[in-house]
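Engineer: Fold the following and give me the result.
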Amino acid sequence: MKLLTLQILLFLFPFTLLSQEVKTNEYDRFLKKQRIEMQPLPVAGLPPKTKLSISLSALGSSLYMNLNGSGWGASTIDAGNELILLFSNDSTVTLHATGLQSFEPGLVQNTYDHRYALNAAALSALSRLELAGIRKYSFNSFSDLAIPKENSEKVKKASEMLMTEWQKNNLAQTVLPINLGDIRGHIGDSVTFCSHVYQTRYFRGSENGPTLLNLQAHFSDPAVNVLILEPDRPRFNNVPEKRYVDKDVCISGLVEMKDNTPTLIIHSKEQIRLTSPVSVSEVGYFEGDSVTVSGKIFALAFVGDSAAKETYLSMGTPDSGATLSLVIANEDLPGFGTPEVDYVNKKVKVVGKVERREGKRVIVLRNKKQVEVLEQQDNEPAFAGVKGAQVAARLPKQKTGKVPLIQTDAEFPGGEAGLASFLRKNILNPSELKPAEQKKVLVSFLVDADGSCRDIRVVESAGYVFDQEVKRVLRKMPKWKPAALRGTATETLLMLPVTFRGAEGEAGNR
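Structural biologist: Below is the predicted model:
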């Protein structure tokens with residue numbers, strides 16, 4: 001009988017040991033959430049005068065790690081300050097402090113109890129990998145602590161048990177989709193919602209330098225503070241207040257109550273996703289990010305030799321300097337058909353990653369699905385006069401060399417005004433048009449390195465007589481100032497649309 005009792009006790013001992021590591025697993029009636037807390041794990045083998053305990057917990061769908069100790073780590077941390085966990089395979093996981101937390105001064109040593117937000121991926125890493133070190137940030141400084149190997153199994157087992165209990169209680173839905181108006185009912189939850197950012201404000205010089213994203217259209221809307229703190233600004237190209245103002249966004253994060261206001265702290269770009277396009281003038285705020293950009297294509301360039309040729313579509317407004325280059329590699333060009341016809345002088349929407357090449361911002365296009373034509377810009381200003389000729393943006397073509405962009409375009413004597421005057425004086429209407437009737441001819445031609453024009457071709461025909469009239473006049477053009485590439489004159493391909501209008505349809509400059 002005694003032997004049987006001993007065997008039963010030995011059989012139950014491992015399960016008793018495991019259950020002792022779960023300190024709390026109960027429903028909190030006040031917070032209306034399931035609370036799970038693991039027993040604190042004292043870290044052994046640390047230097048003298050250094051004490052540290054690691055505890056893991058869950059409150060509803062939210063996960064936390066607490067560091068409690070004295071000596072090392074006894075400092076004041078601010079909301080969002082990082083705690084970097086280093087594993088023995090040299091991988092890292094970054095956690096963030098849940099709020100401003102100080103330390104308790106002591107007669108012998110100062111003590112602290114600091115809390116950091118976890119996520120499922122970080123908890124999984126703790127349950128699988130060997131924790132080798134911790135780097136703890138406090139305001140503008142940090143300190144490192146090596147974790148002796150003898151502690152790794154304890155941390156892994158506690159993490160695995162918390163993960164098991166968390167999933168068993170069906171709490172593993174880490175992000176709850178909510179309506180913004182219901183956010184006060186989700187304090188302590190990780191949520192996601194979509195809204196519009198009406199205003200932004202960067203409190204430069206204030207404590208922790210927060211950037212506030214204002215989601216309130218009216219005072220009757222729920223008050224929510226969405227904050228990006230100073231230490232996280234580099235993750236947003238240091239301009240979060242410019243990236244998101246007047247944009248539609250979807251936001252995810254942990255909802256906390258601060259100053260009686262629901263608050264989300266955004267630590268990374270993954271927590272805030274743009275759902276509205278950006279303008280060409282704004283792409284500089286998004287270098288390294290994939291965005292949707294809308295704007296007008298005003299020029300096209302073929303750059304490089306026949307084997308390494310790239311096509312550059314220029315988007316934006318050249319006079320303001322707000323431009324973006326869309327790059328199509330030679331091997332991808334067949335999939336785009338005829339970009340010089342399909343995209344030039346049209347408003348398009350482009351999806352892609354903003355990169356920088358030799359000081360210029362570019363998006364590389366690999367697939368035609370990245371480009372959507374929104375509308376054709378037929379409402380370009382027309383020149384006053386009977387013929388109503390319109391000047392297209394210049395389309396440079398570089399046959400040799402591999403420099404991405406031509407530095408100066410070819411120029412008609414007197415510029416665009418000179419070209420407009422030349423066309424008005426020379427183009428004749430070859431056929432009578434009805435009132436408000438229009439005929440448009442789109443032609444291309446080459447400007448050689450010496451400025452002479454040749455190889456005039458009709459890209460879009462308005463009929464034989466109109467095509468021939470445009471060709472006749474272009475053959476009379478004087479020499480242009482040629483395009484230059486790094487100071488060397490180079491051949492350029494230009495495209496010019498000319499619109500003929502009926503007498504009563506002439507409106508001069510529109």
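
Engineer: Tell me how this protein divides into domains.
Structural biologist: Per the record, the chain has its domains at 19-168, 176-274, 288-376, 379-510, by automatic domain parsing.

Engineer: Comparing those, which yields the minimum mean pLDDT?
Structural biologist: For those, mean pLDDT drops lowest on domain 379-510, to a mean of 69.

Engineer: that older thread, and of the domains of the chain, who's closest to Glu282?
Structural biologist: Of all these, it is domain 176-274 that lies closest to Glu282, at 7.3 Å by Cβ to Cβ. C-beta coordinates here come from the backbone N, C-alpha and C atoms, glycine included.

Engineer: And the closest one, end to end?
Structural biologist: End-to-end span of domain 176-274 (Cα to Cα, to the nearest Å): 19 Å.

Engineer: okay, now Ser143: neighbour count?
Structural biologist: Ser143 has 13 neighbouring residues, counting by other Cβ atoms under 10 Å.

Engineer: Please look at it and Gly73 and confirm they touch.
Structural biologist: Yes. The pair Ser143 / Gly73 is scored as a contact, 6.9 Å apart, by Cβ atoms under 8 Å.

Engineer: Can you report how many residues lie near Ala462?
Structural biologist: Going by other Cβ under 10 Å, the residues that sit close to Ala462 add up to 20.

Engineer: what's near enough to touch it?
Structural biologist: Listed by Cβ atoms under 8 Å, 6 or more residues apart in numbering, the contact set of Ala462 reads 439-441, 500.

Engineer: ok, now Leu365?
Structural biologist: Leu365 sits next to 326-328, 332, 336, 350, 352, 371 when contact means Cβ under 8 Å, 6+ apart.

Engineer: In CSV: the domains of the chain, plus distance to Ser281.
Structural biologist: Formatted as CSV, the domains of the chain follow (distance: least, Cβ to Cβ, whole Å):
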stretch, distance to Ser281
domain 19-168, 30
domain 176-274, 10
domain 288-376, 4
domain 379-510, 18
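
Engineer: what's the closest of the ones you listed to Val280?
Structural biologist: Nearest of these (Cβ to Cβ): domain 288-376, 3.8 Å.

Engineer: Okay, now stretch 234-250: how far is its last residue from its first?
Structural biologist: End-to-end distance of stretch 234-250: 20 Å, with Cα to Cα as the criterion.

Engineer: centroid residue for the chain?
Structural biologist: The chain has Asp289 as the residue nearest its centroid, 3.6 Å off, counting by Cα atoms, centre = their mean.

Engineer: Go ahead and confirm it touches Ile272.
Structural biologist: No. Judged on Cβ under 8 Å, Asp289 makes no contact with Ile272 at a distance of 11.2 Å.

Engineer: Am I right that Val351 is in contact with Ser294?
Structural biologist: No. When contacts are counted by Cβ under 8 Å, Val351 is not listed as touching Ser294 (10.2 Å).

Engineer: Wasn't Glu165 part of a helix?
Structural biologist: Yes. Secondary structure of Glu165 (DSSP: H, G, I helix; E, B strand; the rest coil): part of a helix.

Engineer: Could I get the contacting residues of it?
Structural biologist: Here Glu165 is in contact with 22, 25, 36, 58 (Cβ under 8 Å, 6+ apart).

Engineer: mind running it again at 6 Å?
Structural biologist: Going by Cβ atoms under 6 Å, 6 or more residues apart in numbering, Glu165 touches 25, 36.

Engineer: Likewise for the one 4 residues further on?
Structural biologist: Residues in contact with Asn169, defined by Cβ under 6 Å, 6+ apart, are Gln34.

Engineer: Quickly note the distance from it to Val22.
Structural biologist: Using Cβ to Cβ, to the nearest Å, one obtains 12 Å as the distance from Asn169 to Val22.

Engineer: And Gly284, by the same measure?
Structural biologist: Applying Cβ to Cβ, the value for Gly284 to Val22 is 51 Å.

Engineer: can you check Phe336 too?
Structural biologist: Separation of Phe336 from Val22 (Cβ to Cβ): 60 Å.

Engineer: With neighbour numbers in mind, choose between the two.
Structural biologist: Phe336 (19 against 16).

Engineer: How about the more buried one: what's its closest non-neighbour residue?
Structural biologist: Lys368 (5.3 Å; Cβ to Cβ, 6 or more residues apart in numbering).

Engineer: Neighbours of the one you found, how many?
Structural biologist: Around Lys368 there are 14 other residues, counting by other Cβ under 10 Å.

Engineer: Next one: it from Tyr198, what distance?
Structural biologist: Taking Cβ to Cβ, one finds Lys368 at 36 Å from Tyr198.

Engineer: and what of Glu207?
Structural biologist: Separation of Glu207 from Tyr198 (Cβ to Cβ): 24 Å.

Engineer: With neighbour numbers in mind, choose between those two.
Structural biologist: Tyr198 (15 against 12).

Engineer: Report the contact partners of that one.
Structural biologist: 214, 217.

Engineer: Now stretch 464-473: buried residues?
Structural biologist: The neighbour-count check on stretch 464-473 (16 or more other Cβ atoms under 10 Å) flags 466-467, 469-470, 473 as buried.

Engineer: One more: stretch 39-50?
Structural biologist: Buried residues in stretch 39-50 (16+ other Cβ under 10 Å): 39-41, 43, 46.

Engineer: hey, what's Leu300 bridged with?
Structural biologist: Counting by DSSP bridges, Leu300 forms beta bridges with Leu313.

Engineer: Distance check, it against Glu241.
Structural biologist: Counting by Cβ to Cβ - Leu300 and Glu241 are separated by 35 Å.

Engineer: Of those two, which one has the most company?
Structural biologist: Neighbour comparison, Leu300 and Glu241: the larger count goes to Leu300, with 24 against 21 (by other Cβ under 10 Å).

Engineer: in the helix or strand harbouring Val93, what's buried?
Structural biologist: Assessed by DSSP states H and E, Val93 sits inside strand 92-97. Within strand 92-97, the residues scored as buried using 16+ other Cβ under 10 Å are 93, 95-97.

Engineer: Stretch 70-89 now?
Structural biologist: 70-75, 77-83, 85-87.

Engineer: Please apply the same query to stretch 290-300.
Structural biologist: Buried, per 16+ other Cβ under 10 Å, within stretch 290-300: 291, 293-300.

Engineer: just curious, which of the residues you listed is nearest to Phe203?
Structural biologist: Val291 (26.1 Å).

Engineer: Please state the backbone phi and psi of the residue nearest to the centre of the chain?
Structural biologist: Backbone geometry at Asp289, expressed as degrees, to the nearest 10, gives phi -110, psi 150.

Engineer: so how far is Leu118 from it?
Structural biologist: Separation of Asp289 from Leu118 (Cβ to Cβ): 26 Å.

Engineer: Show me what Gln295 is bridged to.
Structural biologist: Check again: residue 295 is Gly, not Gln. Note on Gly295: beta-bridge partners Val348, judged by DSSP bridges.

Engineer: strands paired with the helix or strand harbouring Leu85, and their directions?
Structural biologist: Assigned by DSSP H and E, Leu85 belongs to strand 82-87. Paired neighbours of strand 82-87 in the sheet (DSSP bridges): strand 92-97 (antiparallel), strand 131-138 (antiparallel).
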